[in-house]
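> for reference, the sequence and a predicted model appear below.
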Amino acid sequence: MQIHRILGDKVRLYRRVVKGSWHASTYISGKERRTSTKQKSLAEAKDVAEDWYIDLRGKARHGELKSGKTFAQAAELFTSEYEALTAGRRSPKWVEGHKARLRLHILPFMGHMYLNDIEKGIGQAYRVHRMTKPEDWPEEGDEGYKPWKAPAQKTIHNEIVTMNMTFVTAEEHGWIDAVPNLKNRYSKESKISHRPWFTPKEYKQFYEATRANAANPKKIQFKWYAEQLHDYVLFMANTGLRPDEALQLQFQDVEIVDDDLTNETILEIEVRGKRGVGFCKSMPGAVRPFIRLRDRMKHKKSKGDTDEYPGPTDILFPSNYKKMLNGILNDEKLKFDREGKARTSYSLRHSYICFRLLEGADIYQVAKNCRTSVEMIEKHYAAHLKDMIDTSLVNVRKAKIMKIKDDE
């Protein structure tokens, strides 16, 4: 960082990148003040900084300098509270995400602003700022140059969420009267699209491929993993568990029972995941994969390991076998659906939900069994299933009344 001091060391000129714009800072009336000179020439930047400093001195003499809590102070309070109050309930990476967004993008833009002076259109101003190439961006050929690329809409959305949470914190502590409206008034409702799933025909193709791979893996040392993957696919598609829920599932959480309502043997599962503890009743097709998992010896990690079967506290799936799963999907040309969306292990959950709806299951019971909401299922699953439309209720016609003419 290049630094120059002027006016008897009362004003400091600095710039972060070579050939970038010069910024000025000074300490007056008990606070550090900063501004951008918007000049790349040092001589011109000095003139702008001197005028800025003299103007500040005049405002300070007449009591016109603004004071109060700044956005940076609200951000510091927000991060300290959020980290303390969400400890153990939020991933540390999630908390660090808020800190990084504030440090890298939001605070450089508005950290110096006083909360009471922030205008209602700050959200739109921030979006424009993020979508505009910075003036001090290195030119081609300069040191540290790389092509500028506008951030994705999801990135800006996450930054606006962090900004809003900071404003909410400031409001709760009485630093502002109301939270500014940060909604993008030019945005339109995003297209609702279905989650990538397997049609019944594609699902059959997929599990037959995993079965063949389990019987004849490419390498003999992969046989245990191939067998686990095959049972993983069948288990997930017959239970509707989320991948993270399956990775936490222990053998003691699963019980084989005879269901009185259907007269079928199913699994009753105690699920632990992002929604806390919930329960799931599987399809009958999950029973045999579970029995094979229970009766399969644990994988030997070294030659000295002894034969051992899984215990009650052992995990059903020590891994999601992502690499092998993707390999089979690619070989079978099933990795992407017709809209180009990549299928993952989560697609097995999506398939379970779609299969149940196609069979005419009650949408409320499906939502309850999958630990989600009816609204989410209607929005992302039922919307694209043609069999969910009851033609007897749609193709209704009024009965025509035949008029009988009187005989003359």
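Happy to help now that I have it. Numbers count the residues shown, from 1 in each chain.
> what stretches of the chain score poorly on pLDDT?
By pLDDT under 70, the weakly predicted segments of the chain are 67, 188-193, 274-276, 301-306, 382-397, 400-408.
> and the lengthiest strand in it, what does it pack against?
As assigned by DSSP state E, the longest strand anywhere in the chain is strand 264-273. In terms of contacts (3 or more CB pairs under 8 Å, 6 or more residues apart in numbering; DSSP states H and E), strand 264-273 is packed against helix 243-247, strand 254-259, strand 276-281, helix 287-295. No exception for glycine: its C-beta is placed from N, CA and C like everyone else's.
> what about 6 Å?
Judged by 3 or more CB pairs under 6 Å, 6 or more residues apart in numbering; DSSP states H and E, strand 264-273 is in contact with helix 243-247, strand 254-259, strand 276-281.
> most tightly packed of those?
With neighbours defined as mean count of other CB atoms under 10 Å, the helices and strands packed on strand 264-273 peak in mean count at helix 243-247, which reaches a mean of 18.
> what packs against that one?
Counting by 3+ CB pairs under 6 Å, 6+ apart, the packing neighbours recorded for helix 243-247 are strand 264-273.
> now do the buried residues in the strand it packs on.
Going by neighbour count (16 or more other CB atoms under 10 Å), the buried part of strand 264-273 is 266-267, 269, 271, 273.
> and which of those residues is nearest Lys146?
Of all the buried residues of strand 264-273, Gly273 has the smallest distance to Lys146: 39.7 Å, by CB to CB.
> Glu32: what secondary structure?
Counting by DSSP: H, G, I helix; E, B strand; the rest coil, the backbone at Glu32 sits in strand.
> roughly how far apart are Val374 and Arg195?
Taking CB to CB, to the nearest Å as the measure, Val374 falls 16 Å from Arg195.
> between these two, who's got more neighbours?
More crowded of Val374 and Arg195, by other CB atoms under 10 Å: Arg195, with 19 against 15.
> and that one, its phi and psi?
Arg195 adopts backbone torsions of phi -80, psi 150, taken as degrees, to the nearest 10.
> for it, give me its contacts.
For Arg195, the contact set (CB atoms under 6 Å, 6 or more residues apart in numbering) comprises 350, 380.
> likewise Thr265?
Neighbouring residues of Thr265 by CB under 6 Å, 6+ apart: 258, 287.
> any idea what it is bridged to?
Thr265 has these beta-bridge partners by DSSP bridges: Asp258.
> what's the helix or strand where Glu202 lies in contact with?
Secondary structure from DSSP states H and E places Glu202 in helix 200-215. With contact meaning CB under 6 Å, 6+ apart, helix 200-215 is reached by 198, 226-227, 229-230, 233, 328, 332, 334, 351.
> any idea of the angle the longest strand of the chain forms with strand 276-281?
Relative orientation of strand 264-273 versus strand 276-281 (axes from the mean of the first three to the mean of the last three CA atoms, to 10 degrees): 170 degrees.
> how far does strand 264-273 sit from the chain's center?
Remark: strand 264-273 is offset 27 Å from the chain centroid, using CA atoms, centre = their mean, to the nearest Å.
> before we move on, the earlier item: identify, from the contacts of helix 200-215, the entry nearest to Arg33.
Nearest to Arg33 among the contacts of helix 200-215, counting by CB to CB, is Ser351 at 59.4 Å.
> could you list every residue that touches the closest one?
Contact analysis of Ser351 by CB under 6 Å, 6+ apart lists 197-198, 203, 237.
> pick the one among the contacts of helix 200-215 closest to Pro180.
Once CB to CB is applied, the member of the contacts of helix 200-215 that ends up nearest Pro180 is Ser351, at 42.9 Å.
> SS state for that closest one?
With three-state DSSP as the basis, Ser351 sits in helix.
> please tell me how far it sits from Tyr145.
Remark: distance between Ser351 and Tyr145 (CB to CB) = 47 Å.
> and Ser80, by the same measure?
37 Å.
> could you check how far stretch 127-145 is from the centre of its chain?
Put simply, stretch 127-145 sits 27 Å off its chain's centre (CA atoms, centre = their mean).
> got a list of contacts for that stretch?
With contact meaning CB under 6 Å, 6+ apart, stretch 127-145 is reached by 17-18, 20-21, 109, 148, 150-151, 156.
> now do 7 Å
Contacts with stretch 127-145, where a contact means CB atoms under 7 Å, 6 or more residues apart in numbering, come from 17-21, 105, 109, 148, 150-151, 156, 184.
> of these, which belong to helices?
Members of the contacts of stretch 127-145 lying in helices (criterion: DSSP state H): 109, 156.
> and the contacts of stretch 127-145, which two are furthest apart?
Using CB to CB, these span at most 34.9 Å, a distance reached by Val18 and Asn184.
> just to revisit the earlier point, okay, the contacts of stretch 127-145 in JSON lines with neighbour count and distance to Ala72 next?
Converted to JSON lines, these look like this (neighbours: other CB atoms under 10 Å; distance: CB to CB, whole Å):
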{"residue": "Val17", "neighbour count": "16", "distance to Ala72": "22"}
{"residue": "Val18", "neighbour count": "12", "distance to Ala72": "27"}
{"residue": "Lys19", "neighbour count": "12", "distance to Ala72": "28"}
{"residue": "Gly20", "neighbour count": "17", "distance to Ala72": "22"}
{"residue": "Ser21", "neighbour count": "17", "distance to Ala72": "21"}
{"residue": "His105", "neighbour count": "19", "distance to Ala72": "13"}
{"residue": "Phe109", "neighbour count": "16", "distance to Ala72": "11"}
{"residue": "Trp148", "neighbour count": "10", "distance to Ala72": "26"}
{"residue": "Ala150", "neighbour count": "11", "distance to Ala72": "25"}
{"residue": "Pro151", "neighbour count": "14", "distance to Ala72": "22"}
{"residue": "Ile156", "neighbour count": "18", "distance to Ala72": "20"}
{"residue": "Asn184", "neighbour count": "13", "distance to Ala72": "24"}
